[in-house]
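>>> Got a predicted structure plus its sequence, pasted below:
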Amino acid sequence: MENDTNIEQLVDEFSRRIEAITLAEAENNIIPRFNQLKTIACVDAEFRVHDDIPDEFKQGIFAQPRSYPAKLRFANATQRDDSKKDLRGLSIRLSDVKGRVLWGEPGFQDFILNSYPALFVATPKDFLAFTRARQEDKKLWFFLNPLAPHLKSLWIVFKASKKHLSPLDIRFWSTVPFRLGESDEQVVKYSVIPCSGHRTEQAVEPGENQLRAAIKAHLQQGPASFHFAIQKQSDPFSMPIEDASVVWDEDVSPFQTVATITIENQDFDNPESLAACERCSFNPWQSLAAHEPLGRMNRVRREVYARAAALRNKE
Ligand code: HEM
């Protein structure tokens, strides 16, 4: 059980530090998320599972060709100003899901993705070291400390931070792996790939809310769509479970589309919708057993996300 004790210690220290960091960043009595703090938009969507997917992928929510109502949250990781370089986040919650969930409320399946295929740190221990550095305002030291440098992390942050014109044109990845099916045979990652007819070619209303404006402008001229795709682990060494900083090579194991997400025009840019988006929360463990989150990074996230969301929504 040493492993579990270790996870508990990580969860406790993470939660303590995240509480202190996010309380210090609160504005107008709103405690922001520790990560993906700027809400760009929450939109309703349709998540339609295709009927021609490989038999081995027909598991959990992909077992039958059908549609699920979905809610999508688009966010910026660190910047409140959309025009700045950043990593973007996409969180998805499907509803009307049948079956027992591993955590949370029955009927829902969450997927949480980032706009870069790897996380900037390999393990929860490294993430915690970064969190300590963030709290002490020594982020650069975390990357460049000559005794324990994290140069690969710095390189990933550099490559992942980009200016974007619209979240509807960005590709997203789960970065960490999940089981597919209830046996141990299939380990997968997810990607959400834009496939709309329309692309945003220049900034819409350039400035701090330009990504929200771009979503609005796109939906006014037609629906937006994404493919939801699965990548299978085909080699446990080059496609590890326990190193979140490794990109699984798509030439070796390509992503295969299993569903399409469609977002129709709607009114999401209003104070009520944005406030509800700020309050909502996601958790990778809000999941059917057929999509169980794998690895230590995901084990830590279960309780850390739950505590962070509870803190944000405390009356
Ligand atoms: C040990 C590892 C990690 C820790 C401690 C951590 C921590 C957190 C916390 C505390 C939140 C805010 C939760 C809330 O207040 O509701 C969050 C949100 C988020 N994290 Fe992580 N995270 C980890 C790994 C990851 C990974 C691997 C991804 C890759 C996709 C990721 C992507 C996101 C996204 C997209 C959100 C926003 C969720 C939302 O829309 O509410 N995180 N993370």
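All right, it came through fine.
>>> rest of the way, CA atoms for contacts and neighbours
Noted.
>>> in stretch 143-155, what's buried?
For stretch 143-155, burial by neighbour count (16 or more other Cα atoms under 10 Å) applies to 143, 150, 153, 154.
>>> Show me which of these is closest to the ligand.
Comparing those against the ligand with Cα to the nearest ligand atom places residue 153 closest, at 13.5 Å.
>>> And the helices in the protein?
2-24, 124-135, 139-144, 151-160, 210-221, 271-279, 295-312 (DSSP state H).
>>> Nearest approach to residue 57 belongs to which of these?
Among the helices of the chain, the nearest to residue 57 by Cα to Cα is helix 295-312 (20.5 Å).
>>> Return that closest one as CSV; C-alpha atoms alone will do.
Output of helix 295-312 as CSV, limited to C-alpha atoms (Å, rounded to 0.1, in the frame of the first residue of the first chain):
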residue,chain,number,x,y,z
GLY,A,295,-1.6,6.1,-14.1
ARG,A,296,-0.5,8.1,-11.0
MET,A,297,-1.2,11.5,-12.6
ASN,A,298,-4.8,10.6,-13.0
ARG,A,299,-5.0,9.0,-9.5
VAL,A,300,-3.9,12.3,-8.0
ARG,A,301,-6.4,14.3,-10.0
ARG,A,302,-9.4,12.5,-8.7
GLU,A,303,-9.3,14.0,-5.2
VAL,A,304,-7.4,17.2,-6.1
TYR,A,305,-10.1,18.3,-8.6
ALA,A,306,-12.9,17.4,-6.2
ARG,A,307,-11.4,19.4,-3.4
ALA,A,308,-10.5,22.4,-5.7
ALA,A,309,-14.1,22.4,-7.1
ALA,A,310,-15.6,22.3,-3.5
LEU,A,311,-13.4,25.2,-2.5
ARG,A,312,-14.5,27.3,-5.5
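>>> to the chain's geometric centre, what's the distance from that helix?
Distance of helix 295-312 from its chain centroid, counting by Cα atoms, centre = their mean, to the nearest Å, is 13 Å.
>>> Just list the residues touching residue 172, thanks.
Going by Cα atoms under 8 Å, 6 or more residues apart in numbering, residue 172 touches 89, 90, 113, 114, 115, 116, 117, 191, 192, 193.
>>> no wait, residue 95
Taking Cα under 8 Å, 6+ apart, one finds 68, 69, 70, 107, 108, 109 in contact with residue 95.
>>> Near the ligand, which residues of the stretch 101-250 of the chain are found?
112, 113, 114, 119, 124, 174, 175, 176 (Cα under 6 Å from any ligand atom).
>>> how about the closest residue to the fourth one other than its chain neighbours, phi and psi?
On the basis of Cα to Cα, 6 or more residues apart in numbering, the spatially nearest residue to residue 119 that is not a chain neighbour turns out to be residue 245, at 4.9 Å. Dihedral pair for residue 245: phi -90, psi 0, per degrees, to the nearest 10.
>>> Equivalent analysis for the one 3 residues further on, please.
The main-chain torsion angles of residue 248 are listed as degrees, to the nearest 10 and equal phi -80, psi 130.
>>> For it, which residues are in contact?
233, 238, 239 are the contacts of residue 248 under Cα under 8 Å, 6+ apart.
>>> what's the closest non-adjacent residue to the second one?
Yep, that's residue 238 we're talking about. Closest to residue 238 by Cα to Cα, 6+ apart is residue 248, at 7.1 Å.
>>> Same check on residue 100?
Using Cα to Cα, 6+ apart, the closest residue to residue 100 is residue 288 (6.0 Å).
>>> again, but for residue 228
The nearest residue in space to residue 228 (Cα to Cα, 6+ apart) is residue 192, at 4.6 Å.
>>> Would you agree that neighbour is in contact with residue 171?
Yes - the pair residue 192 / residue 171 is scored as a contact, 5.8 Å apart, by Cα atoms under 8 Å.
>>> Look at these two and report which has more neighbours.
residue 192 (25 against 20; other Cα atoms under 10 Å).
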